[in-house]
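Novice: missing the sequence, but the structure's below:
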């Protein structure tokens, strides 16, 4: 679905005369999440969009239809969701919803053709690594180079580019070590190279609420909608969002998507759109709870290292703040301005909310990590992330098990690295659960 970009209007200084074309240009993130793509039904007046399960649509004459022919090519629920996604990802003009995040990744890689080269952040999601190295390398001759975008200097990064480099693949923060990449810097390097590769940013960990890669110059933003956007662990879906000027690229991706049928169902589209209506509320709660847990872990004698860029002590904390979307920065700044009677801002002391993902290294190894994970009461031992409920997992043996052990070790994904997806339960309850599980893991004490 193509929409007029709200962010482009803001950045170009559009005035009130554009409001008829851009009815949500002055509306905030949460307002757009609730209203864009969810206009009352013109036929019935229904406030909530109905689910359209029909696979085919009546034509009044050959080729004369109302915008829909066959549901694989277009569906009212998918269109409504895509409209909402394009408005929420600041700078977005085109959005495509896919049957999974992996399907979105595969379609983007297919679009660059055979015998191409991709440069990826080295600490990339295991499923993306698997697709690059074990699927696209065989089916389309893709060559991939993995670079530490966080620490490599400009010359090292430019040296990794080739004449056939078509994509730069970024995750920031990375999964699961939460390394930060300066997206604007990588975009500038990509633009300076003769190959002019497209820059893709997987924005799943921060969601459209905390980070806006398109405003930093990215060409495509991808999401596993399964995670924060849907937010309720009941939909598998992906999305790709592009800025308004990438009309031809959006059309190419949509052609490929239709050709191989990687589309979400109407019901899943309806569920995801219902979920994203509360994205702004959930992401604030996720972030506040995650910061609280990160600070508790930092105080614990049973923890070697806490990985959360929102912590003041994190070496990339300044970059984390600079990378915040305009609406997230306002949220963070407002939190900092709210102080108690002692002059302390309880929800931002020691840092600021920066998404709901926290990773840490427990003292010990696999045995201690297993004890911790099985002693948790409120955190469920499970893969995935971004739901309202809190989850915990061991990346080395779960989400990143497909990455060879030697490479995992180089990335810092050891047997004592634990990843937490912090939910929206009461923060104090979650902290108590973490602290009692650490006691069980390291001292054998059971306080449950």
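Specialist: Structure received. All values reported here derive from a predicted model rather than from experimental measurement. Residues are numbered from 1 along each chain as shown.
Novice: what's the first-to-last distance across stretch 320-333?
Specialist: 14 Å (Cα to Cα, to the nearest Å).
Novice: may I see the buried residues of it?
Specialist: Going by neighbour count (16 or more other Cβ atoms under 10 Å), the buried part of stretch 320-333 is 320, 321, 323, 324, 325, 327, 328, 331, 332. (Each C-beta comes from the backbone N, C-alpha and C, glycine too.)
Novice: any stretches of the stretch 151-300 of the chain with poor pLDDT?
Specialist: Residues of the stretch 151-300 of the chain meeting the criterion pLDDT under 70: none.
Novice: tell me who's in contact with the closest residue to residue 368 other than its chain neighbours.
Specialist: Of all residues not flanking residue 368 in the chain, residue 441 sits nearest, at 4.8 Å (Cβ to Cβ, 6 or more residues apart in numbering). By Cβ atoms under 8 Å, 6 or more residues apart in numbering, the residues touching residue 441 are 302, 362, 364, 368, 369, 371, 372, 375.
Novice: please pick the buried ones from those.
Specialist: For the contacts of residue 441, a burial check counting by 16+ other Cβ under 10 Å picks out 302, 362, 364, 368, 369, 371, 372, 375.
Novice: between which two of these is the distance greatest?
Specialist: Across those, no pair lies farther apart than 364 and 375, at 13.4 Å, counting by Cβ to Cβ.
Novice: is it true that the residue nearest to residue 368 lies in a helix?
Specialist: Yes: applying DSSP: H, G, I helix; E, B strand; the rest coil, one finds residue 441 inside a helix.
Novice: what's the pLDDT at it?
Specialist: Listed pLDDT for residue 441 reads 96.
Novice: ok, it to residue 370 distance?
Specialist: 8 Å (Cβ to Cβ, to the nearest Å).
Novice: and for residue 299?
Specialist: Note on residue 299: its distance to residue 370, by Cβ to Cβ, is 23 Å.
Novice: and those two? Which one has more around it.
Specialist: For residue 299 versus residue 370, neighbours defined as other Cβ atoms under 10 Å are more numerous around residue 370 (16 against 9).
Novice: could you check which helix or strand contains the more buried one?
Specialist: According to DSSP states H and E, residue 370 maps onto helix 366-375.
Novice: what lies in contact with that helix?
Specialist: With Cβ under 8 Å, 6+ apart, helix 366-375 has contacts from 362, 381, 392-394, 396-397, 415-418, 436-438, 440-442, 446, 448.
Novice: drop anything exposed from those residues.
Specialist: Of the contacts of helix 366-375, these count as buried by 16+ other Cβ under 10 Å: 362, 392-394, 396, 415-418, 436-438, 440-442.
Novice: which of these fall in helices?
Specialist: Among these, DSSP state H puts 436, 437, 438, 440, 441, 442 in helices.
Novice: nearest to residue 387, of those?
Specialist: residue 437 (19.5 Å).
Novice: how about the nearest residue to that closest one, chain neighbours excluded?
Specialist: Distances taken as Cβ to Cβ, 6+ apart put residue 375 closest to residue 437, at 4.1 Å, once the chain neighbours are dropped.
Novice: any idea how far the one you found is from residue 381?
Specialist: Counting by Cβ to Cβ, the gap from residue 375 to residue 381 is 10 Å.
Novice: do residue 114 as well
Specialist: Residue 114 is 41 Å from residue 381, by Cβ to Cβ.
Novice: and the helix or strand residue 118 falls within, what does it pack onto?
Specialist: Secondary structure from DSSP H and E places residue 118 in strand 117-121. Applying 3 or more Cβ pairs under 8 Å, 6 or more residues apart in numbering; DSSP states H and E, one finds that strand 117-121 contacts strand 143-147, strand 165-171.
Novice: TSV for those strands, including distance to residue 56 and mean neighbour count?
Specialist: As requested, the helices and strands packed on strand 117-121 are exported to TSV (distance: least, Cβ to Cβ, whole Å; neighbours: other Cβ atoms under 10 Å):
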stretch	distance to residue 56	mean neighbour count
strand 143-147	40	18
strand 165-171	36	24
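Novice: for residue 126, which of those strands is the nearest?
Specialist: With Cβ to Cβ as the measure, strand 165-171 is the member of the helices and strands packed on strand 117-121 nearest residue 126 (11.3 Å).
Novice: which helices and strands does the next helix or strand after that closest one pack with?
Specialist: Once the chain leaves strand 165-171, the next helix or strand it forms, by DSSP H and E, is helix 183-192. Here helix 183-192 touches helix 154-160, strand 165-171, strand 198-202, going by 3+ Cβ pairs under 8 Å, 6+ apart.
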